[in-house]
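In: okay, here's the prediction I keep looking at, along with the sequence it came from:
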Amino acid sequence: MAQSHEKGDPIVTANNPIIDLLSTPLGPDWTVEKLAEQLLGTIAAQSSGETQEFVLDADAVTDRQSRRLLRPLLACLAIKSAAEVGIPAELYGGCFSFKRLGPEGPVWILGQFENRSGSVRVTLRRFNSPPPPTQCRYCKGSGIDPRSHHRFTTGGHDDRRCPRCDGQGTID
């Protein structure tokens, strides 16, 4: 059975603003940060139904420039998302969460990505209304920071709450 990220799938190859943006010639003052914001703005500006999905797999990309830009772009998006949410960045895989202004008001852009040599793919979903809360992938819904066993205190309060979901177990 074909997966949505396989080469030749219409969701990957047709009308995909990620591919269009990455294959556009870069200006002399381009930076990966500007490219990341341009990508988020392009996705936010899309007008359609309630939810839109954009999938990109590096194996489906034939343009040399796009292939070269994809990994740094995903790392930049991971850093931007982590900074907006206030959590440590995971550069090689994980989730994105952005809120941007669209044509009819705020839109939410959520995504999952893998950014490892030989396996580079991203799925971004655009929502016109806040998406339902999902289980925090970092703490697997427990609300406890999985790295908390590495913390040592000499007294006082030892905060073991998950930094991503603030101990709630779900991410809004």
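Out: Thanks, I have it.
In: could you use CA atoms for every contact and neighbour count after this?
Out: Fine.
In: in the protein, what secondary structure element scores lowest on mean pLDDT?
Out: Ranked by mean pLDDT, DSSP states H and E, the helix or strand of the chain with the weakest confidence is helix 10-13, at a mean of 38.
In: now do the top strand by length along the chain: which elements does it pack against?
Out: Determined from DSSP state E, the single longest strand within the chain is strand 105-116. When contacts are defined as 3 or more CA pairs under 8 Å, 6 or more residues apart in numbering; DSSP states H and E, strand 105-116 sits against helix 32-45, helix 64-85, strand 93-102, strand 119-127.
In: tilt between that strand and strand 93-102?
Out: Relative orientation of strand 105-116 and strand 93-102, computed by axes from the mean of the first three to the mean of the last three CA atoms, to 10 degrees: 160 degrees.
In: strand 105-116: which residues count as buried?
Out: 107-115 (16 or more other CA atoms under 10 Å).
In: partners of that strand, with directions?
Out: strand 93-102 (antiparallel), strand 119-127 (antiparallel) (DSSP bridges).
In: export those as CSV, with columns for mean neighbour count, mean pLDDT and distance to residue 19.
Out: What follows is the strands paired with strand 105-116, written out as CSV (neighbours: other CA atoms under 10 Å; pLDDT from 0 to 100; distance: least, CA to CA, whole Å):
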stretch, mean neighbour count, mean pLDDT, distance to residue 19
strand 93-102, 18, 88, 18
strand 119-127, 20, 90, 12
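In: JSON lines for the ones you listed, including distance to residue 63?
Out: Shown next, in JSON lines, are these (distance: least, CA to CA, whole Å):
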{"stretch": "strand 93-102", "distance to residue 63": "23"}
{"stretch": "strand 119-127", "distance to residue 63": "15"}
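In: before we move on, the earlier item: just so I know, which of the helices and strands packed on strand 105-116 lies nearest residue 25?
Out: helix 64-85 (8.6 Å; CA to CA).
In: which residues are in contact with residue 92?
Out: 75, 113-116 (CA atoms under 8 Å, 6 or more residues apart in numbering).
In: which of the residues you listed lies closest to residue 18?
Out: So of these, ranked by how close each gets to residue 18 (CA to CA), first place is residue 113, at 13.5 Å.
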